[in-house]
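[1] Build me a model:
(2 chains)
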Amino acid sequence: GDSVTQMEGPVTLSEEAFLTINCTYTATGYPSLFWYVQYPGEGLQLLLKATKADDKGSNKGFEATYRKETTSFHLEKGSVQVSDSAVYFCALLMFSGGYNKLIFGAGTRLAVHP
Amino acid sequence: DGGITQSPKYLFRKEGQNVTLSCEQNLNHDAMYWYRQDPGQGLRLIYYSQIVNDFQKGDIAEGYSVSREKKESFPLTVTSAQKNPTAFYLCASRTSGTSDTQYFGPGTRLTVL
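    Numbers count the residues shown, from 1 in each chain, chains lettered A, B, ... in the order given. Modelled structure (predicted):
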C-alpha cells in the first residue's frame, strides 16, 4: 500500500548548520507531496508542497524537490535557526476510496541549539 | 481571522465516559477530517466528511462517532468503546474542487484517567 518513510530523529544541529531530512514514498499513481511542521503542543502547519515531478516547493528558507525517479521529497534548509526546532512530517496525498487521503510519515524531530 | 478552532485544548475523562471534542472552521471549507496522533507516530485518519450531512469512516473509526449538521462544525465523540483513547486529536479542513491542501487546527489532548 501507499506509505511514507522519514529518517528517524531526533536530528540535533547547531544554529546556522545545513539541514536535510530524508523522505521517501511508495505510491501508485502520482501523489501530491507535502511537508508539515508541528511546534510543541500545537497543530500541524503546512510548510511546503509539490504537486508533480520536478516541482520544487519552498517556504521560509526550506525547500524540497519532488523526485519521481527516486520517489523522494527530501527537506532542506541552508541555515537553521533555534526557532526551527519542531517535528517535521512528510505526507503524500492520494485519491483513494472516493476521497483525498493524506498519508503521513512518523515525523522527524529537529532540535537546533545556539 | 479565518481558521480552525478546537476546544478544549486539554481534556480529561474517566474511563467509561463519552466525551465530545469540538472543531469549528470559518474558512468555508467543504471537507473536514479528524486525525489521531500518538507519540512518535504520524497521524491516522479517524473520520472525514466531504459535505454537510455526510461522513465516512477512516482507518481507525472504531470507538468514535461524528456528526456534520453544519458546514462549519464537525464534532468528534470518543465513546467508552474506544480502548485506548488517550492521544492528541487534530481536526483539519480542505476546500472542495482541485485544492489538495488540508489545514489543521491546534489540537485537543485527551487524557483518560
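
[2] For the rest of this, base every contact and every neighbour count on C-alpha atoms.
    Noted.

[3] who in chain A is up against chain B?
    Taking CA under 8 Å from any CA of the partner chain as the contact definition, chain A meets chain B at A:32, A:41-46, A:89, A:93, A:99-100, A:103-107.

[4] let's go with 6 Å and repeat that
    Proximity of chain A to chain B (CA under 6 Å from any CA of the partner chain) is limited to residues A:42, A:43, A:44, A:104, A:105, A:106, A:107.

[5] Which of those residues fall in strands?
    A:44, A:104 (DSSP state E).

[6] And the furthest pair within the residues of chain A next to chain B?
    Maximum pairwise distance among these (CA to CA): 17.7 Å, between A:42 and A:105.

[7] quick one: which of the two has more around it?
    Higher neighbour count among residue A:42 and residue A:105: residue A:105, with 22 against 17, using other CA atoms under 10 Å in any protein chain shown.

[8] Please name the nearest non-neighbouring residue to the more buried one.
    residue A:4 (4.8 Å; CA to CA, 6 or more residues apart in numbering or on different chains).

[9] Whatever helix or strand the one you found lives in pairs with which strands, and in what direction?
    Using DSSP states H and E, residue A:4 sits within strand A:3-6. Strand A:3-6 sits in its sheet next to strand A:23-26 (antiparallel), going by DSSP bridges.

[10] Give me the contacts around the strand it pairs with.
    For strand A:23-26, contacts defined as CA atoms under 6 Å, 6 or more residues apart in numbering or on different chains pick out A:2, A:3, A:4, A:5, A:6, A:71, A:72, A:73, A:74.

[11] Find the nearest non-adjacent residue to residue A:83, please.
    Nearest one to residue A:83, counting by CA to CA, 6+ apart, is residue A:112 at 7.7 Å.

[12] Next, count neighbours for the one you found.
    18.

[13] Pull up the gap between it and residue B:40, please.
    Distance from residue A:112 to residue B:40, counting by CA to CA, to the nearest Å: 19 Å.

[14] do the same with residue B:75
    Taken as CA to CA, the span from residue B:75 to residue B:40 is 25 Å.

[15] same deal with residue B:81?
    24 Å.

[16] Check residue A:51 too.
    27 Å.

[17] the more surrounded of these two?
    residue A:51 (17 against 13).

[18] What pLDDT is listed against the more buried one?
    Confidence at residue A:51, expressed as pLDDT, is 90.

[19] Might one say that residue A:103 is in contact with residue A:91?
    Yes. The pair residue A:103 / residue A:91 is scored as a contact, 5.3 Å apart, by CA atoms under 6 Å.

[20] quick revisit: going C-terminal from the strand holding residue A:4, what's the next secondary structure element?
    Criterion used, DSSP H and E; the element after strand A:3-6 is strand A:11-14.

[21] Could you give the separation of the following helix or strand past that next one from the chain centroid?
    Next in sequence after strand A:11-14, counting helices and strands by DSSP H and E, comes strand A:19-21. Taking the mean of its C-alpha atoms, strand A:19-21 sits 9 Å from the chain's own mean (CA atoms, centre = their mean, to the nearest Å).

[22] Residue A:76 against residue A:22, yeah?
    No. The pair residue A:76 / residue A:22 is not scored as a contact, 8.7 Å apart, by CA under 6 Å.

[23] what's around residue B:24, how many residues?
    Neighbour count for residue B:24, taken as other CA under 10 Å: 21.

[24] Could you report the distance from it to residue B:60?
    As judged by CA to CA, residue B:24 and residue B:60 stand 22 Å apart.
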